[in-house]
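In: Could you look at this predicted model? Sequence included:
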Protein chains: 2
Amino acid sequence: MKTKISDRSLGLNFNSSGTAEVLLWAPFAKQVELLVGGKAVANLEQGEQGYWKIITGDLKPGDQYKFRLDGVKQFPDPTSLSQPEGVHGPSEAVDLAGFTWEDQDWKNIPLKEYILYELHTGTFTQEGTFEGIESKLSYLKDLGVNAIELMPLAQFPGNRNWGYDGVQPFSVQNSYGGARELQKLIDACHAKGIAVIVDVVYNHLGPEGNYLGDFGPYFTDKYHTPWGNAINFDDSGCDGVRRYFIENALMWFRDFHVDALRLDAVHAIKDFSPVHIVQELKMRVNELMEKTGRRHYLIAELDLNDNRFINPLDQHGYGMDAQWLDEFHHALRVTAGGEPTGYYSDFNGISHLAKSYKDAYVYDGQFSPHRNKTFGVKADHNPGEQFVVFSQNHDHIGNRMLGERSSQLMGFEMQKVMAAAVICSPFLPMLFMGEEWSETNPFLYFVSHTDPQLAEAVRKGRKAEFAAFQSSAEAPDPMAEDTFGRSKLQWELLNMEPHQTMFNYYRQLIALRKNHPVLKDLNRKQLSVQHNEEKKVLILRRWNDE
Amino acid sequence: MKTKISDRSLGLNFNSSGTAEVLLWAPFAKQVELLVGGKAVANLEQGEQGYWKIITGDLKPGDQYKFRLDGVKQFPDPTSLSQPEGVHGPSEAVDLAGFTWEDQDWKNIPLKEYILYELHTGTFTQEGTFEGIESKLSYLKDLGVNAIELMPLAQFPGNRNWGYDGVQPFSVQNSYGGARELQKLIDACHAKGIAVIVDVVYNHLGPEGNYLGDFGPYFTDKYHTPWGNAINFDDSGCDGVRRYFIENALMWFRDFHVDALRLDAVHAIKDFSPVHIVQELKMRVNELMEKTGRRHYLIAELDLNDNRFINPLDQHGYGMDAQWLDEFHHALRVTAGGEPTGYYSDFNGISHLAKSYKDAYVYDGQFSPHRNKTFGVKADHNPGEQFVVFSQNHDHIGNRMLGERSSQLMGFEMQKVMAAAVICSPFLPMLFMGEEWSETNPFLYFVSHTDPQLAEAVRKGRKAEFAAFQSSAEAPDPMAEDTFGRSKLQWELLNMEPHQTMFNYYRQLIALRKNHPVLKDLNRKQLSVQHNEEKKVLILRRWNDE
């Protein structure tokens, strides 16, 4: 069965006459019952290739429902749009078409003009909700960023999580406000001229509440990832899995008016098919754009220095519009005095930073001691707008035991230098929420698993990870509510010094980038970099002949 | 370190003054001693990236040597050229340059003219040696084939094995005659105008005598193959592994004058690097060809219907010259009355055979029930000479419990029809030894592991594999010498009927293909196929407008 482009076809949908149509992929099942309000109301009819169907008047928006497989186990809908009681509870019937959009005049911003701002919904404001974000849109507009990147929104266990433990890719986290509130937020962003990027995770599912394996062959033991068995994109039964994730991406664009997706850890998506899943995704997104006339971007987190992912489809690439450039970050941090340990150990500081300005990839064919192999290819022909750069992000802050931001690690002036290094680069700059006022709170690793055994395992794992540091400090408990609370932004700092100064600096730097004829043109050719290791000086020159 | 093109650099080599130079990749070792005749004669010197070196006068051609790692375990050389006492014994120093070639005038045959003949050295003749093959070259010449394909020659445990349990990729099986005898055979083939293809296994190593994992990270648990952990082509430490296999391929071409390699099960080579290992191999072989002026082909066994493997390098392909086309075989067998079970179950017979004549791949974007996924891409632009076809081969015969050839399964006339189907195709035809006289002996699965536990496991595994067949016959014991003996060709049949008739038929059919202006031109465009399912008729028309 082919993915439908123009409408959501998987899961529960209400047709034009308001009747529920359910299409469930459950090839492992021999019988599937629909339970509404805890009671079995109907059997789904078995179709081809493991798809089960029903058209029923017994399911209305707002109803809670589950599926019972083979008369035994009950599960929420794998394509649920709402989980009001969390990952283990029933799904809630939602009519996505019920929202009235007012963004008809919105046009996505050209990618090369994107100024990205990564934020975590739960800690961005005290409320920790989409409504909270909405209350800050004028602030963001004033700062000058024009694309907010929301860390993953898929339903995760409990109320506190970075989002990478999501288990229901179609369901918007209930504690953030759910699907309707997200639609409202995006509509409001578009009214303000702000694009919305959503971070989606297509390389693994979280460890709690992951019931996909009961429905079908969503996972394969052919490949291992850091998070266990890989998602099955090329093994027996993969057609249904590929469709599931492609329909997910299309949903964000079509039904939520999302402007861009950030695909998490694309290097952990294992797929030897003739057409890689992200390549197929790009093809389907192209079809959608042709149909709607709207423009959407795909941005990959990619740890491979392999530009086949970002090369155009007609050059046998996978067609991703852009990728994160972590190597720029690593080189910049070491240049700024960060310790070259762990994944920083491959970076020597200023000369690698110079290389990244020139070549994007620092390792583009050299031996990498940390990876213990020759790594990367040249990316000479990929334009600057294909690379997202940053001086900090959720990952590199949160990977630290104490989650310190630059504000706690670097001097005030060095923070400004790093901001300029990013914002004056010929790449797409990205800020991490709060860095623009030198937020002093950490961004810690936090979870709220409801499975006590898992919670304990995560707690122990985190302690063990940092045991070798022999620091006097102890790793904060990821399960503690306080760990989450301490990671929230302190907006009141904005009225204090030196935070106000930093904010004004960022605002002017962003304005400069947007308005200066050289800085706003992401020309990688009209650029020179000189550096002096001893004097710790790097001179970046950019010009524009036209 | 870069692979050297013009000379063998890994392992033991004798320089121009006859002195032994040893280069060993052993990144896991802290100390490496060279043992000659059982005695430690020197310590190797540690170089960069896990390479160890020594230049020594203590090692002469004919000497037996081992390496001792960290003062404890002794192993044969991973790049040994000779294992006179088998896989567990010492390596023998061989000077490959010591052979005097007389094939200076030899030019590889154009690929499109190849008529392939697959043979297993151990069962082709009573002697089971390279010398045995040499005694049959006039016969093969008379038959009309011009390229013999030798099943794997790398040293395997014991004396009897198909070859896919090889553990020393650089060492020529001692019971076949070893490296020198192989050089002699190839020289003799070239004198007769016959090309030589060697089957090499770069996707796994056999289960007995595999000591590579003691030297370095040759394997990775990132991927699983049917034979356990995959060979490490893209994980930490892979540079040394990639070099090892690339040098292996170069050795066959450069030092043994091999004309083509058949790369076993390329689909099981897991490599997500920007440059796939077979693509890199093709680049290195191109360099070698440029240097020597000789032409060499790479032919992949490929179960992916993914023509990126056979597309040219400049079209982002991996550049393999050709691939095996098992789907043609499957469709042909079902057409000829073979039971559509197991991997044949995807094939409906005559209409799939017609599709393969037209499109090469039968599945080129359709749902495959047996694989339970949509499978394959179109191969419209790949010329006929990129596909090797056959009506039987070692695998599909030996996969049967009783190893029956077509002679035992099909009538005499049907065997002739199948031969014509293959030889009149616009693809490269391949015979399996003995089919040209309708050999009646089976080709059974046989091994001769010396590890009793492993031997028992293989025996049990083979029985279990066929337990479901509920046949009255029992699976022959793969360890029994008789299982090997019964698989040998009976050359005396050639003087009897109906075998002589079949031989003459094959000989004339091959001559027709080589001489007929239409048949010798592998034009996939000037071809039409009509078929009638009910009447079981397929009409293949080929023409040549020029």
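Out: That came through fine. Numbers count the residues shown, from 1 in each chain, chains lettered A, B, ... in the order given.

In: Spell out which residues of chain A are next to chain B.
Out: A:49, A:221-224, A:234-239, A:267, A:270, A:272-275, A:304-308, A:315-316, A:367, A:371-374, A:376-377 (C-beta under 8 Å from any C-beta of the partner chain). Every residue, glycine included, has its C-beta placed from N, CA and C.

In: For chain B, what's its nearest residue on the stretch 101-250 of chain A.
Out: residue A:236 (4.2 Å; C-beta to the nearest C-beta).

In: Same question for the stretch 1-150 of chain A.
Out: residue A:49 (7.3 Å).

In: sorry, back to before: is there a quick ChimeraX command that grabs whichever of the residues of chain A next to chain B are buried?
Out: Buried residues among the residues of chain A next to chain B (16 or more other C-beta atoms under 10 Å in any protein chain shown), as a ChimeraX selection:
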select /A:222,223,224,234,235,237,238,239,267,270,272,273,274,275,304,305,306,307,308,371,372,373,374,376,377
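
In: Surely the residue of the stretch 101-250 of chain A closest to chain B is in contact with residue B:373?
Out: Yes - between residue A:236 and residue B:373 there is a contact under C-beta atoms under 8 Å: 6.2 Å.

In: Residue A:147 pairs with what?
Out: residue A:116, residue A:195 (DSSP bridges).

In: Next, count neighbours for it.
Out: By other C-beta atoms under 10 Å in any protein chain shown, 25 other residues sit near residue A:147.

In: just residue A:424 next, same as before
Out: 18.

In: The closest residue to it other than its chain neighbours: what's it in contact with?
Out: Residue nearest to residue A:424 in three dimensions, not counting chain neighbours: residue A:519, with 6.2 Å by C-beta to C-beta, 6 or more residues apart in numbering or on different chains. Each residue near residue A:519 by C-beta atoms under 8 Å, 6 or more residues apart in numbering or on different chains is listed here: A:424, A:512, A:513, A:542.

In: List the contacts of the first one.
Out: Residues in contact with residue A:424 (C-beta under 8 Å, 6+ apart) are A:509, A:513, A:519, A:540, A:542.

In: which of the residues you listed lies closest to chain B?
Out: Among those, and counting by C-beta to the nearest C-beta, the member closest to chain B is residue A:540, at 27.6 Å.

In: pLDDT score for that closest one?
Out: At residue A:540, the predicted lDDT confidence score is 97.

In: Quick one: mean pLDDT over stretch A:211-224.
Out: Mean pLDDT, computed over stretch A:211-224, is 94.

In: Report pLDDT for the residue of the stretch 101-250 of chain A closest to chain B.
Out: On the pLDDT scale, residue A:236 gets 96.

In: Tell me which helix or strand residue A:132 sits in.
Out: For residue A:132, the element it lies in under DSSP states H and E is helix A:130-134.

In: residue contacts, the residue nearest to residue A:264 when sequence neighbours are not counted?
Out: Counting by C-beta to C-beta, 6+ apart, residue A:201 is the residue found nearest to residue A:264 once chain neighbours are left out, at 4.4 Å. Contact partners of residue A:201, counting by C-beta under 8 Å, 6+ apart, are A:152, A:154, A:163, A:164, A:166, A:169, A:264, A:265.

In: Could you rerun that using 10 Å?
Out: For residue A:201, the contact set (C-beta atoms under 10 Å, 6 or more residues apart in numbering or on different chains) comprises A:152, A:154, A:163-167, A:169, A:227, A:231, A:245, A:262-265, A:268, A:301.

In: Counting only helices, which of these make the cut?
Out: Members of the contacts of residue A:201 lying in helices (criterion: DSSP state H): residue A:245.
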